[in-house]
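[1] This is the structure alone, sequence omitted:
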C-alpha cells in the first residue's frame, strides 16, 4: 500500500487531526476547590480526557472506575490515594485498573495540583458502604461542560471526536 493510499483510507475512515489549545478552554467546576479542563470527549468509546485541578488540600470523593482503565500524568503539585502508599509528583504516570476503588487526596501545604487524566467508562462515587452517591461518564462530563459554557456565555469548542 502506498503512502497516498494509506492517507486516503485515514481520510475516508478516520477523523482529521486536531490540536486542542488547553489554555483557551475554561476550568469547569466539579466540586469544592476542584475543577476540570475538558480536552476531549470520545462519544464512540466512552473515553474522555481532562486536566483535573485541586486548589489547596482536599479530597476527591472515594470512587471506582468501571468500563475501562484510567491513566493520569501529574503536571503540578502532588497527590496520592488514601488507599496506597505512593505519591504522584510532577512527571509521575499513574495507571488505574478497571474496578479499582480509591480516594484522591491532596495534602496540606500543596497549593495546587494538576493532573492530566485519560478515563474510560464510568466513575462511580461511592460512600464507605460502597453505596453509589452519583456517577460521571463521557456524557455527563460533556453536559457539565456545555452547561457551564452556556451559563458563562462562553462559546464551547467542539471537543467531541
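    Great, that's in hand. Every value quoted in this text rests on a predicted model; they were computed, and no experiment measured them.
[2] So what's the residue count around the residue nearest to residue 24 when sequence neighbours are not counted?
    Among residues not flanking residue 24 along the chain, residue 157 sits closest, at 7.4 Å (C-beta to C-beta, 6 or more residues apart in numbering). Placement of C-beta: from N, CA and C, glycine included. Applying other C-beta atoms under 10 Å, we find 16 other residues in the vicinity of residue 157.
[3] Okay, and the most centrally placed residue in the chain sits in which element?
    By C-alpha atoms, centre = their mean, the chain has its centre lying nearest to residue 50, at 3.6 Å. If you go by DSSP states H and E, residue 50 is part of strand 47-55.
[4] buried residues in the host helix or strand of residue 38?
    Residue 38 belongs to strand 34-42 when assigned by DSSP H and E. For strand 34-42, the neighbour count (16 or more other C-beta atoms under 10 Å) marks 34, 35, 36, 37, 38, 39, 41 as buried.
[5] quick one, what contacts the closest residue to residue 51 other than its chain neighbours?
    Excluding the flanking residues, the one nearest residue 51 by C-beta to C-beta, 6+ apart is residue 37, at 4.3 Å. Contact partners of residue 37, counting by C-beta atoms under 8 Å, 6 or more residues apart in numbering, are 22, 25, 26, 27, 28, 50, 51, 53.
[6] For the first one, give its distance to residue 101.
    With distances defined as C-beta to C-beta, to the nearest Å, the gap from residue 22 to residue 101 amounts to 29 Å.
[7] re the thing from before, thinking the residue nearest to the centre of the chain is in contact with residue 41, fair?
    No. Here residue 50 lies out of contact with residue 41, judged by C-beta atoms under 8 Å, at a distance of 9.2 Å.
[8] Overlap of the contact sets of the two?
    With C-beta under 8 Å, 6+ apart as the test, residue 50 and residue 41 both reach residue 141.
[9] Now render the buried residues of strand 34-42 as JSON lines, adding pLDDT and distance to residue 4.
    As requested, those are exported to JSON lines (pLDDT from 0 to 100; distance: C-beta to C-beta, whole Å):
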{"residue": "34", "pLDDT": "93", "distance to residue 4": "48"}
{"residue": "35", "pLDDT": "96", "distance to residue 4": "44"}
{"residue": "36", "pLDDT": "97", "distance to residue 4": "40"}
{"residue": "37", "pLDDT": "97", "distance to residue 4": "38"}
{"residue": "38", "pLDDT": "97", "distance to residue 4": "35"}
{"residue": "39", "pLDDT": "96", "distance to residue 4": "31"}
{"residue": "41", "pLDDT": "93", "distance to residue 4": "32"}
